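Novice: From the sequence below, what's the structure:
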Amino acid sequence: MDMIAEAAGVSKPVLYQHFDSKQDLYLALIDSSAALLDSRLAEALGSTTDPHEQVHATYRAYFDFVVSHREEFVIIFNSDVYEPKAEQKLRALRESSATRVVSALKNFARLSDDEAQLLCRALIGTAEVVVKQIDSHRGVDVDTAVELLTQMSWGGLRSFADR
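Specialist: Presented below is the predicted three-dimensional model:
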């Protein structure tokens, strides 16, 4: 809490006026970070009605968030705090994001709920794995990763258009 207060330019007692504990601060950070990511993903999916562009825009929004909001990304995806309330908030973020992607998939192709859920989890999981790959190996830059993922995902997804 000392480091956080110093970084915020306030005293520790002022910090505790707003947050009763480290846990409360952590939960507030999750809320703030999740809302930011969720709004970016919603904006990307709503930016166009073209499914190919939706795929690209969503990957771009996700990777831009990872690069531009590194601390928030770490809070959401790499936190080693296993707290039930935190886990519940993170699960809600994933469900909110998944609901949007499932809806976009079902608007694009005649998929059952279960089929759309499966494809959604594959897309989200792929993005999460690629981010970790970029973090550890840096052999591919973010722009290239977005293009590769878009091409790979769209190549598969467009096969469902005729269903």
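
Novice: for the protein, which spans come out with low pLDDT?
Specialist: Residues of the chain meeting the criterion pLDDT under 70: 1, 3-5, 7-8, 78-82, 163.

Novice: Would you state the helices of it in chain order?
Specialist: In the chain, the helices defined using DSSP state H lie at 2-8, 12-18, 22-46, 51-68, 70-77, 84-108, 113-137, 142-157.

Novice: got the buried residues for the fifth one?
Specialist: Neighbour counts using 16 or more other Cβ atoms under 10 Å place 72, 73, 75, 76 of helix 70-77 among the buried residues. Placement of C-beta: from N, CA and C, glycine included.

Novice: most packed of the helices of the chain?
Specialist: helix 51-68 (a mean of 20; mean count of other Cβ atoms under 10 Å).

Novice: Give me the residues contacting that one.
Specialist: Helix 51-68 is contacted by residues 36-37, 40-41, 43-45, 47-48, 72-73, 101, 104, 107-108, 127, 131, 142, 145-146, 149-150, 153-154, 157-158, 161 when judged by Cβ atoms under 8 Å, 6 or more residues apart in numbering.

Novice: How far off centre is it?
Specialist: 10 Å (Cα atoms, centre = their mean, to the nearest Å).

Novice: Could you export it as CSV, CA atoms only?
Specialist: In CSV, the C-alpha atoms belonging to helix 51-68 read as follows (Å, rounded to 0.1, in the frame of the first residue of the first chain):
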residue,chain,number,x,y,z
PRO,A,51,-17.7,-10.0,-40.1
HIS,A,52,-14.2,-10.0,-41.5
GLU,A,53,-13.6,-6.5,-40.2
GLN,A,54,-15.2,-7.4,-36.9
VAL,A,55,-12.6,-10.2,-36.5
HIS,A,56,-9.8,-7.8,-37.3
ALA,A,57,-11.1,-5.0,-35.1
THR,A,58,-11.7,-7.2,-32.1
TYR,A,59,-8.2,-8.7,-32.3
ARG,A,60,-6.8,-5.2,-32.8
ALA,A,61,-8.7,-3.9,-29.8
TYR,A,62,-7.5,-6.8,-27.6
PHE,A,63,-3.8,-6.5,-28.6
ASP,A,64,-3.9,-2.7,-28.3
PHE,A,65,-5.3,-3.1,-24.8
VAL,A,66,-2.5,-5.5,-24.0
VAL,A,67,0.2,-3.1,-25.3
SER,A,68,-1.3,0.3,-24.2
